[in-house]
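>>> Compute the structure for the input listed below.
(chains A and B)
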Amino acid sequence: MDSTDKKKILISPVTRIEGHAKITLQLDDQGNVEDAFFHVNEFRGFEKFCEGRMFTEMPIITPRICGICPVSHSIASVKACEMIQGIQPTYTGDLLRRLIHLGQNISSHALSFFHLSSPDFLLGYDSDPVKRNIIGLAENHKEIAVSGIRLRKFGQEISERITGKKIHISGIAPGGMAYPLTEENRLALLAWIPEAKKTVKLGLDIIKKFMDENREMVESFAISPTLYLGLVGPNGEHEIYDGNLRFIDTDGTILEDQLNPAKYLDVIAERSVEWSYLKYPYYKPFGFDKGFYRVGPLARLNVASKMKTPEAQKEFENFKSINSGKPVHGTFYFHYTRLIEALGSVEEAEIILNDPEITSDKIQNLGRWNNPVGIGCSEAPRGTLFHHYITDDTGKLTKVNLLIATGQNNPSMNRSVLEVAKQYIKGTDIKEGMINRVESTIRCYDPCLSCSTHAIGKMPMVIEMKDRNGNLLKTFQRSY
Amino acid sequence: MSLLDIDERILDVAALADIVKCPIVDGKDLPEVDITLVEGSVTSDEHYHEILHIRKQSKAVVALGDCAVMTNITGMRNYFNLKDVVDAAYADAISNDKEGKIPNHPALLKLNEKVVPLQEVIDVDFVIPGCPPDADTIFYVLFEFLNDRIPNLSDVKKLKYG
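Numbering: from 1, shown residues only, chains lettered A, B, ... in the order given. Just a heads-up that it's a prediction; the model follows:
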């Protein structure tokens, strides 16, 4: 078909996420950037509309918060339900949930790296924006694009082969799982492992080559020392499904360790702000101004003492050597750590698929309502996620609190935007490349607000500059 | 997200069509297009203006997914007053400190009292329900449209809500 005959398709988000990432920059009287406000523009109201429902509905309702990390919501939710019921999942049920969660981590990280970010590394930050996406990538690097698409497919297929659905799955239930894994499906998933490993390593080669060739940029890119939070296993190992909380400070000193997630309110508070629908969480002992912390792949590798699998451990040691064992603060390293996690996830999925109990039919323990409060936690691809339910004595929800992964990176994203703005802006002149820098800074965090429908193409963005009195000086807009 | 679940076939779609970059707020930049897939329901002033503009610029509008078709989970807040819904998150949440403010900024969208599906605001040409909508169905609908055929959803196995 001739290109002039080509039809045009538009994919538009309406409620899922904001249309534009909006940013307001405030200038002082001398024209220097004084403050930045990163506006997150979506609100749905889960905290309220879940009230009055039975707690057992939550593992089905809450995954709808996100199309990329629905499994993490289900996991946090069933854990909260299990605390209310006072039960534990069966061994096989637990293993199946872990496997599905690893699958989601693989597909989410594949999406972030291959679909969204690799065009920057392979085609260049300054390449034609129309082509700077997975489809443009397929024109020049077909094998890489298809491998990336297939890696995401593998992750999604784990969910599908156990529950029949790829997104918003049902079957993750309090006490374990509602569906087993058949032997036929186990073998089909196992057959994917060599290809999945190969593709993750291809991604690692791409990012390491890019980091070697762009050392200066990588080292100077939005270096924001913050605290870090992540789950760790009993021996401090990297963990995304289970475990307890660990907080470290900017030097890597452990502030909290093996803290039961049910005690999250002892260490985390959040503040709502006028300029955003996304709240600003902080580490409570340090207060709002000094309690910035980050979550997600970079945070998880910074807090972890080791990885659980050999090949990921080897990469982890390389990562740790970047800052001689101390936390790595460069925002760019989110990309690298995401791939190290993807490698660990593929290795762990292989181990689980070879567990003789994985196809057992003892998948669920049953229980009734026993306790009024349930708190559940998991590591979503973007970071630590908390669900907190309070019920009446019939099991109806009277209060719901949700602390979402991306929210916890919000204060740091806002600050990263401010850092980049200060570096690139003087008066109302805006240096070429400023918007690209802001975009790629935000993209490092892989925030959910750039998710789903934004997956193809660049992030549209509106930046408004205002004086101290709130008068509009200039607007920059880019939308494709 | 479910669009990406068509996997490698996204390249087949790209061979037949230009996937125009999304999304839109400033109407000037939205070109005329053949097919628009719209996810989500109309919950705010911005969405309302967006969807009217999308309708104007598109030959066919497809409501994609249960939120677009019938509001689904997004519409669950319709049983409550908007103020109570907002307060539950920004004033009364257990983890909130005492110094927060309710979001209120010119750059933020203004939430409508009630959430409505697309067809309450515009004429919708086609619906693909599901939460998520089934990837094979999405591909089938796109492929038929792109080959100048009207999709026949009575033949599609996985057409269902939820």
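>>> only C-alpha atoms for contact and neighbour calcs from this point on.
Fine.
>>> What segments of chain B are helices?
Along chain B, counting by DSSP state H, helices occupy B:9-16, B:45-57, B:66-70, B:82-90, B:135-146.
>>> residue ranges with poor pLDDT in chain B?
B:1, B:21-30, B:157-158 (pLDDT under 70).
>>> in it, what residue is nearest chain A?
Using Cα to the nearest Cα, the single residue of chain B nearest to chain A is residue B:103, 3.9 Å away.
>>> so how far is residue A:417 from that residue?
For residue B:103, the distance to residue A:417 equals 20 Å [Cα to Cα, to the nearest Å].
>>> more crowded one of those two?
Counted by other Cα atoms under 10 Å in any protein chain shown, residue B:103 and residue A:417 do not tie: residue A:417 has more neighbours, with 23 against 20.
>>> Any figure for the gap between the more buried one and chain B?
Separation of residue A:417 from chain B (Cα to the nearest Cα, to the nearest Å): 16 Å.
>>> show me what contacts the nearest residue to the residue of chain B closest to chain A once chain neighbours are set aside?
Computed as Cα to Cα, 6 or more residues apart in numbering or on different chains, the closest residue to residue B:103 that is not its neighbour in sequence is residue A:274, at 3.9 Å. Contacts for residue A:274 (Cα atoms under 8 Å, 6 or more residues apart in numbering or on different chains) come out as B:101, B:102, B:103, B:104, B:105.
>>> Filter those down to the buried ones.
Listed as buried from those are B:102, B:103; burial here means 16 or more other Cα atoms under 10 Å in any protein chain shown.
>>> Check the contacts of residue A:274 and tell me the two furthest apart.
Across the contacts of residue A:274, no pair lies farther apart than B:101 and B:105, at 10.9 Å, counting by Cα to Cα.
>>> Distance check, residue B:139 against residue A:107.
Distance from residue B:139 to residue A:107, by Cα to Cα: 20 Å.
>>> So for these two, which sits in the more crowded spot?
Higher neighbour count among residue B:139 and residue A:107: residue A:107, with 27 against 20, using other Cα under 10 Å.
>>> For the more buried one, give me its contacts.
Each residue near residue A:107 by Cα under 8 Å, 6+ apart is listed here: A:151, A:152, A:153, A:154, A:155, A:156.
>>> The residue of chain B closest to chain A against residue A:272, yeah?
Yes - between residue B:103 and residue A:272 there is a contact at 7.1 Å, judged by Cα atoms under 8 Å.
>>> any common contacting residues for the two?
Here residue B:103 and residue A:272 have residue B:90 as joint contacts, going by Cα under 8 Å, 6+ apart.
>>> Quick check: chain neighbours aside, which residue is closest to the residue in the stretch 301-450 of chain A positioned nearest to chain B?
Nearest to chain B in the stretch 301-450 of chain A, going by Cα to the nearest Cα, is residue A:401, at a distance of 6.2 Å. Residue nearest to residue A:401 in three dimensions, not counting chain neighbours: residue A:388, with 5.0 Å by Cα to Cα, 6+ apart.
>>> Assumed residue A:375 was part of a helix.
No - remark: residue A:375 does not belong to a helix; assigned using DSSP: H, G, I helix; E, B strand; the rest coil, it is strand.
>>> Does it touch residue A:389 like I think?
Yes - Residue A:375 is in contact with residue A:389 according to Cα under 8 Å; the separation is 6.3 Å.
>>> who touches both of the two?
residue A:80.
>>> OK, contacts around the closest residue to residue A:306 other than its chain neighbours?
Of all residues not flanking residue A:306 in the chain, residue A:237 sits nearest, at 4.8 Å (Cα to Cα, 6+ apart). Residue A:237 is in contact with A:304, A:305, A:306, A:307, A:308, counting by Cα under 8 Å, 6+ apart.
>>> Likewise for residue A:246?
Contacts of residue A:246 (Cα under 8 Å, 6+ apart): A:229, A:230, A:231, A:232, A:254, A:255, A:256, A:257, A:258, A:259, A:303.
>>> Next one: the helix or strand harbouring residue A:289, is it in contact with chain B?
Applying DSSP states H and E as the criterion places residue A:289 in helix A:287-290. No - Helix A:287-290 is not in contact with chain B by Cα under 8 Å from any Cα of the partner chain; minimum separation 9.4 Å.
>>> List the buried residues in that helix.
Neighbour-count burial for helix A:287-290, counted by 16+ other Cα under 10 Å, picks out residue A:288.
>>> returning to what we had before: please list the members of the contacts of residue A:237 that lie in helices.
Among those, no member falls in helices (DSSP H).
>>> The spatially most central residue of chain B pairs with what?
Residue closest to the mean C-alpha point of chain B, counted by Cα atoms, centre = their mean, is residue B:39 at 1.7 Å. Beta-bridge partners recorded for residue B:39 (DSSP bridges): residue A:13, residue B:64.
>>> pretty sure it is touching residue B:71, no?
No - in terms of Cα under 8 Å, residue B:39 does not count as a neighbour of residue B:71; the distance is 10.1 Å.
>>> just to revisit the earlier point, deepest of the helices of chain B, which one?
Highest mean neighbour count among the helices of chain B (mean count of other Cα atoms under 10 Å in any protein chain shown): helix B:66-70, with a mean of 26.
>>> outside of it, which residues touch it?
Under the criterion Cα under 8 Å, 6+ apart, residues B:38-42, B:63, B:72-75, B:116-119, B:127-133, B:161-162 lie in contact with helix B:66-70.
>>> Could you list which of those belong to strands?
When DSSP state E defines the strands, the subset of these inside them is B:38, B:39, B:42, B:63, B:116, B:127, B:128.
>>> Please report how far the residue of chain A with the smallest separation from chain B lies from residue B:104.
Of all residues in chain A, residue A:274 sits closest to chain B, at 3.9 Å by Cα to the nearest Cα. Per Cα to Cα, residue A:274 is found 5 Å from residue B:104.
>>> ditto for residue B:152
Applying Cα to Cα, the value for residue B:152 to residue B:104 is 46 Å.
>>> now swap in residue A:467 and tell me
In this view, residue A:467 and residue B:104 are 19 Å apart by Cα to Cα.
>>> residue contacts, residue A:200?
Contact partners of residue A:200, counting by Cα under 8 Å, 6+ apart, are A:151, A:339, A:342, A:343.
>>> Do any residues in stretch B:2-20 lie close to chain A?
Yes - for stretch B:2-20 and chain A, the contact criterion (Cα under 8 Å from any Cα) is met by B:2, B:5, B:7, B:8, B:11, B:14, B:16, B:17, B:18, B:19, B:20.
>>> Oops, could you answer that again for stretch B:76-96 instead?
Yes - using Cα under 8 Å from any Cα, stretch B:76-96 reaches chain A at B:76-77, B:79-80, B:84-86, B:88-91, B:93-96.
>>> Let me know whether residue A:308 touches residue A:344 as I believe.
Yes - here residue A:308 lies in contact with residue A:344, judged by Cα under 8 Å, at a distance of 7.3 Å.
>>> higher neighbour count, those two?
Remark: of residue A:308 and residue A:344, residue A:344 carries more neighbours, 26 against 16, as counted by other Cα under 10 Å.
>>> ok, that one - contacts?
Applying Cα under 8 Å, 6+ apart to residue A:344 gives the contacts A:307, A:308, A:309, A:311, A:312.
>>> Name the secondary structure element that contains residue A:468.
Residue A:468 belongs to no helix or strand when assigned by DSSP H and E.
>>> okay, now it: neighbour count?
14.
>>> what do you get for residue A:393?
As a burial measure, residue A:393 scores 11 neighbours (other Cα under 10 Å).
>>> so residue A:208 is in which element?
Using DSSP H and E, residue A:208 falls in helix A:193-213.
>>> buried stuff in the following helix or strand past that helix?
Scanning forward in sequence from helix A:193-213 by DSSP H and E, the next helix or strand is helix A:215-220. Using 16+ other Cα under 10 Å as the test for burial, helix A:215-220 gives residue A:218.
>>> ok, now stretch A:158-174?
Judged by neighbour count (16+ other Cα under 10 Å), stretch A:158-174 contains these buried residues: A:158-163, A:165-174.
>>> distance of residue A:238 from residue A:96?
Using Cα to Cα, residue A:238 is found at 19 Å from residue A:96.
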